[in-house]
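Q: Any chance you can model this:
(chains A and B)
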Amino acid sequence: MTATTAAERAEIRTMARELAHRELAPRAAALDAGGPDVFAECWRLLVELGLDRVLLDEQHGGAGLGVPDLLASIEELAVGDGGIAMCVLLSNAALVTLTDEQLADVPAATRWALVPAAPGREVRISDGQLDGRVACALGAHGADGLVIFLDRPQSAPWAIMAGAPGLKLERDTAQMGLRAAGAASIEMAGIKSAVATVAVNGSVTTASVVSALALLRAGTAAIARGIARRAYEMALKYAQVRRQGGVAIIEHDAVSDMLAAMAVRLAFRPEIAVDPAGLAVEEAQALAAKIAATDAAVASTTDAVQVFGGTGYMVETGIEKLMRDAKYCQLFPEPNWVAQNELMRPERAGRAAVRAGFPARSRVPEDRGAPGSSPGLAISETGVPAALRRSWPAR
Amino acid sequence: MTSITQERSLSEQFPRLARNGGLDVRELERLRARARRFAEEHVRPRALEIDRRTGEDPGWFDWDLVRAGGEHGMLGLLIPRPAGGGGGLATQAAVAMEELCAACPGIALIFGAHALGISPLLLGGPSQWDGVLAELVASERTGEPLLMACAITEPEAGTDVEDPDLLRRARITSHARRVPGGFRLSGTKRFISNGSVARWITLLMPTDPRRPAETWTCFLLDTRSEGFAVARVEHKMGQRACPAAELTFDEVFVPDEQIVSREGDGAAATTIVLACSRPPVAAIATGIARGAYERVLGWLQEDRAAKGLLERQHVQLALAGMEEEIHLARQLYMDAATELDHRALGGVMSHPGVRALGHVPASVRRRAPVRGWLASDRACDATVALLHRSTSERAVTRSLALSSMAKARGGDVAMRVTGAALELVGLRAGPVRAELEKLWRDAKLTQIYEGTNQLNRLEVYRGLCRSETMSCLPPLRRIHPDADGRARTNAEPRAYLDANASQPASVDGDGGRS
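A: Numbers count the residues shown, from 1 in each chain, chains lettered A, B, ... in the order given. Predicted coordinates for the structure are as follows:
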């Protein structure tokens, strides 16, 4: 695959935008209410457009596009519904971790979810089996397959089909935001990878795991931006027609100041680092983008409800839903204060290394690339991250 | 670790309370303990379940909680003692609200909206003691409590009806039409807390929609009246336990005796009611923040999933910031409440004439001649005159500004603290996450109701930065209807309002006026 041109990317974005406005936004309230039929219909439309497999090549039923195209698409989808956009992100992020053999066994139109999990605290691996419990896993409810993504120090993805022995999912009924991406608590007892021909334990490098998380973070930033755009559009429209004090409320500085702040937050486009060819995500920038975009979305959606006043607090207007969705973006895949810590982790480690007499550069894993190059989620010609493909057992 | 709220008594936290003779601090401590007991035993255990049920069915209502609240004295806080109530004002309401809201703001709002419905009646003076207020007390004693609500907001006028100046240009669609023996009320009121469950509603409408500010009038409405209907109960983001209803009035008859105070006094009444109700709303917000803080602290100390987090500086700094913000928010609302109770309106309630009337047995006050006199025009005029002698427009304006400051700051603190608490625990935290999410949803309303924070801050500018004096006391001369039943173009009150609308402070700054 070669990188998409600007024109192609614009076309993809337009397609996603139309879908969001025509099909998703009118169903956002029903999706928020958790209607399974509405969700199924929306997912069918997304599958028709190939948005469920943006990053996979055509051989695997994918669109063969790159990360920037995925991010552009889900930002547009999030304008319609953040939860649906999250499902698209989670499914794409899960599928790119699978090998060709694994993908061959994955039926078309199935929905997957990538579930980050902390080894030791949430899950543990012993004798090649996975045990543990992960709470509030976004997108897990109703998913056809899960990829449990273990973070440090034992990094590894575990692909599991729904219904596998030892796997138990329970819907998180308290889920407040991004409700179309139904969350579930996942109980795992003696789980072996249920997708055929998979051998996963210990076979994935830290670099690839971190890169997949970078994709989740960058995607969450894109979703947050889409939500903030929707909030601004709705608030601006309302402020132009609602009258108080004898004038449209946009004439009041108190309101126009809030709208201006929302516009400024949108003008700031967090650079989700993509290499010159548009084929890689840079980890630190993905973290920074996620923090900046989700904080901005929470601020903008909160302001949008304020512009609407009491009307905005009512569910029927759909503006308070944006606030709830934005808040969940701030907490996923980790709360922003944890993301900040992640952002500074290499700097702290580097400083510690210097103090100990080792150059910081020597601590960078080889497969993350030399300093100055673009480490992270490099997309191969088949559209699947090269780093991830390298990390799986030889085919 | 314990919160500073648990460690220090009210008199230690707020020395001004002890210095002011009008308030029994020990009684306030007992009230706080009673509210906390009610909150811990009845409110918090049911909060999430009620939120879930009302999320599915906004019309669902838990009367058992109201009964339990009545048994703990949460319904009669503001009712004057001669009518059998607690005789409290803003301070008592605020202290109780913080305790209840730390458990569940939605349930607390049921009692807060009830108090808001009662508050215009307080301005009606002794004439109100033996009517609805006595009925409320009696119903509470029989275990079948009645609720009240206050209806101000309209579909086309939210912020506009909370500010006397904006009210002049507001698009008011409701109308109280003069008919023999009373008024016929028509129109719609929106977002009325307790609106669907209240037995009595105090509501404000203009008797002349072309001049809403001058003819804004408070009525006491029996919800069993013909023509009154609950159009719908809103599906809210939070504070769901207390229903917010849209109410419609189709030529609802209200007799003259159920005009609260006098025709045309509604704008001033609204201002005073807001000065009185904003400290408790600030306390609601403070309670929400405290509830979030206590929950996250408990989780960090006790939950295995949080092991080690308390050792992190980020967490320590976040907790310290929460404690700091809550502490300041509490100081602000208590300052505003005591300002109102002791300096702005306290003089009215403790006036010797009012107190003397309070000593007259209710059986005597209820006799026809006495009751007739108390409800007469002369008695209403005397009540207004007493208000003018006991306080000043400057004092009420300043009190409103302090109340507005506390309310705006409290709402922001509630949002910040609940948001920060939710971020500390994250999505994986288990049951505490659901409680924090609910508090975060609940918190947003505190930036909106009782006037948006923006409007409140403009009140701060006018009342404190610009030292403006608002026309916030009813005029001494009343508006009389014309022979044809329409409100007369009353030059005197209008000139009075106009003259005071933009002039700076002209009376003393100490809250007294001779």
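
Q: Next up, the contacts around A:V338.
A: With contact taken as CB atoms under 8 Å, 6 or more residues apart in numbering or on different chains, A:V338 is in contact with B:G426. For the C-beta atoms, the positions are set from N, CA and C on the backbone; glycine is no exception.

Q: my bad, B:C104
A: B:C104 is in contact with B:A39, B:V43, B:R44, B:R46, B:A47, B:I50, B:D51, B:A241, B:D442, counting by CB under 8 Å, 6+ apart.

Q: The fifth one: how many residues sit nearby?
A: Okay, so that is B:A47. Applying other CB atoms under 10 Å in any protein chain shown, we find 24 residues neighbouring B:A47.

Q: How about it: what's its closest non-neighbour residue?
A: B:C104 (3.6 Å; CB to CB, 6 or more residues apart in numbering or on different chains).

Q: Restricted to helices, list the contacts of B:C104.
A: B:R44, B:R46, B:A47, B:I50, B:D51, B:D442 (DSSP state H).

Q: So which residues on the stretch 51-200 of chain A come close to chain B?
A: Neighbours of chain B within the stretch 51-200 of chain A, by CB under 8 Å from any CB of the partner chain: A:R121, A:E122, A:V134, A:A135, A:C136, A:L138, A:T173, A:A174, A:M176, A:A183.

Q: mind listing which of those are in strands?
A: Of those, the ones assigned to strands by DSSP state E are A:V134, A:A135, A:C136.

Q: ok so, going back, need phi/psi at the residue nearest to B:A47.
A: Here is the backbone geometry of B:C104 (degrees, to the nearest 10): phi -160, psi 110.

Q: residue ranges for the strands of the stretch 151-300 of chain A, please.
A: A:156-161, A:167-171, A:184-191, A:243-244, A:247-248 (DSSP state E, counting those that start in this stretch).

Q: on that earlier part again, where neighbours are concerned, which of the residues of the stretch 51-200 of chain A next to chain B has the most?
A: The residue in those with the most neighbours, by other CB under 10 Å, is A:L138 (31 neighbours).

Q: Could you pull up the residues touching it?
A: Counting by CB under 8 Å, 6+ apart, A:L138 makes contact with A:M86, A:L90, A:A113, A:L178, A:A181, A:A183, A:Y328, A:F332, B:L427.

Q: Now with 7 Å, please.
A: Applying CB atoms under 7 Å, 6 or more residues apart in numbering or on different chains to A:L138 gives the contacts A:M86, A:L90, A:L178, A:A181, A:A183, A:F332.

Q: In a markdown table, list those along with pLDDT.
A: Converted to a markdown table, the contacts of A:L138 look like this (pLDDT from 0 to 100):
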| residue | pLDDT |
| --- | --- |
| A:M86 | 98 |
| A:L90 | 97 |
| A:L178 | 98 |
| A:A181 | 98 |
| A:A183 | 97 |
| A:F332 | 97 |
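
Q: And the pLDDT for the residue nearest to B:A47?
A: If you check B:C104, the pLDDT there is 98.

Q: nearest residue to residue 183 other than its sequence neighbours?
A: If you meant another chain, say so; for now it's chain A. Leaving aside its sequence neighbours, A:A183 sits nearest to A:D172 (CB to CB, 6+ apart; 4.0 Å).

Q: you looked at the wrong chain, it should be chain B
A: Using CB to CB, 6+ apart and skipping residues adjacent in sequence, the residue nearest B:F183 is B:A176, 4.3 Å away.

Q: what bridges to that neighbour?
A: B:A176 has these beta-bridge partners by DSSP bridges: B:L185.

Q: Which residue does the stretch 101-250 of chain B have closest to chain A?
A: Closest residue of the stretch 101-250 of chain B to chain A, CB to the nearest CB: B:R169 (3.6 Å).

Q: pLDDT below threshold where in the stretch 1-150 of chain B?
A: Residue ranges of the stretch 1-150 of chain B with pLDDT under 70: B:1-6, B:18-23.

Q: Okay, helices next: where are they in it?
A: With DSSP state H, counting those that start in this stretch as the criterion, the stretch 1-150 of chain B has helices at B:4-7, B:10-13, B:15-19, B:25-38, B:44-56, B:63-71, B:90-103, B:105-123, B:132-141.

Q: what does the stretch 101-250 of chain A give?
A: Here the stretch 101-250 of chain A has its helices, by DSSP H, counting those that start in this stretch, at A:206-241.

Q: repeat for the stretch 401-514 of chain B
A: Applying DSSP H, counting those that start in this stretch to the stretch 401-514 of chain B gives helices spanning B:431-445, B:453-460, B:491-501.

Q: Wait, a helix at B:F219?
A: No: membership of B:F219 in a helix is not supported by DSSP: H, G, I helix; E, B strand; the rest coil, which gives strand.

Q: Quick one: residues contacting it.
A: Each residue near B:F219 by CB under 7 Å, 6+ apart is listed here: B:A176, B:F183, B:L185, B:L203, B:M205, B:V254, B:Q258, B:I259, B:V260.

Q: Could you report the distance from it to B:E27?
A: Here B:F219 is placed at a distance of 33 Å from B:E27 (CB to CB, to the nearest Å).

Q: most surrounded residue in the contacts of B:C104?
A: Ranked by neighbour count (other CB under 10 Å), the contacts of B:C104 have B:D442 at the top, with 31 neighbours.

Q: dump the residue contacts of that residue.
A: Counting by CB under 7 Å, 6+ apart, B:D442 makes contact with B:P105, B:G106, B:G238, B:Q239, B:I288.

Q: Between these, which sits nearest A:M344?
A: Relative to A:M344, the closest of the contacts of B:D442 is B:I288; by CB to CB it sits at 31.9 Å.

Q: Can you tell me the closest non-neighbouring residue to the closest one?
A: B:A414 (4.4 Å).

Q: same check, this time on A:R133
A: Excluding the flanking residues, the one nearest A:R133 by CB to CB, 6+ apart is A:E187, at 5.3 Å.

Q: I'd say that neighbour and A:K168 touch.
A: Yes: with contact defined as CB atoms under 7 Å, A:E187 counts as touching A:K168 (4.1 Å).

Q: okay, these two: which has more neighbours?
A: Remark: of A:E187 and A:K168, A:E187 carries more neighbours, 15 against 12, as counted by other CB under 10 Å.

Q: Let me know how buried residue 264 is, in neighbour terms.
A: This is for chain A. 11.

Q: wrong one, chain B
A: Other residues close to B:G264 by other CB under 10 Å number 31.

Q: Kindly report the same for B:P243.
A: Neighbour count for B:P243, taken as other CB under 10 Å: 27.

Q: B:S471 now?
A: By other CB under 10 Å, the residues close to B:S471 number 23.

Q: if I look at it, how far off is B:T383?
A: 18 Å.

Q: ditto for B:Q301
A: If you measure B:Q301 against B:T383 using CB to CB, the figure is 53 Å.

Q: who touches B:G266 in this structure?
A: Residues near B:G266 by CB under 7 Å, 6+ apart: B:L204, B:W216, B:T217, B:C218.

Q: now do 10 Å
A: Neighbouring residues of B:G266 by CB atoms under 10 Å, 6 or more residues apart in numbering or on different chains: B:120, B:152, B:161, B:164, B:167, B:176, B:203-207, B:212-219, B:259-260, B:273, B:474.

Q: likewise B:V364?
A: B:V364 touches B:V370, B:R371, counting by CB under 10 Å, 6+ apart.

Q: buried set for the helix or strand where it lies?
A: Using DSSP states H and E, B:V364 sits within helix B:362-365. Neighbour counts over helix B:362-365 (16 or more other CB atoms under 10 Å in any protein chain shown) mark B:R365 as buried.

Q: Can you give the distance of it from its chain's centre?
A: Here helix B:362-365 is found 29 Å from its chain centre; the criterion is CA atoms, centre = their mean, to the nearest Å.

Q: Isn't A:D37 up against A:G142?
A: No: applying CB atoms under 10 Å, one finds A:D37 not in contact with A:G142, separated by 12.0 Å.

Q: Please say which of these two ends up with more neighbours.
A: A direct count of neighbours by other CB under 10 Å for A:D37 and A:G142 places A:G142 higher, at 18 against 8.

Q: Right, I'll call it a day here.
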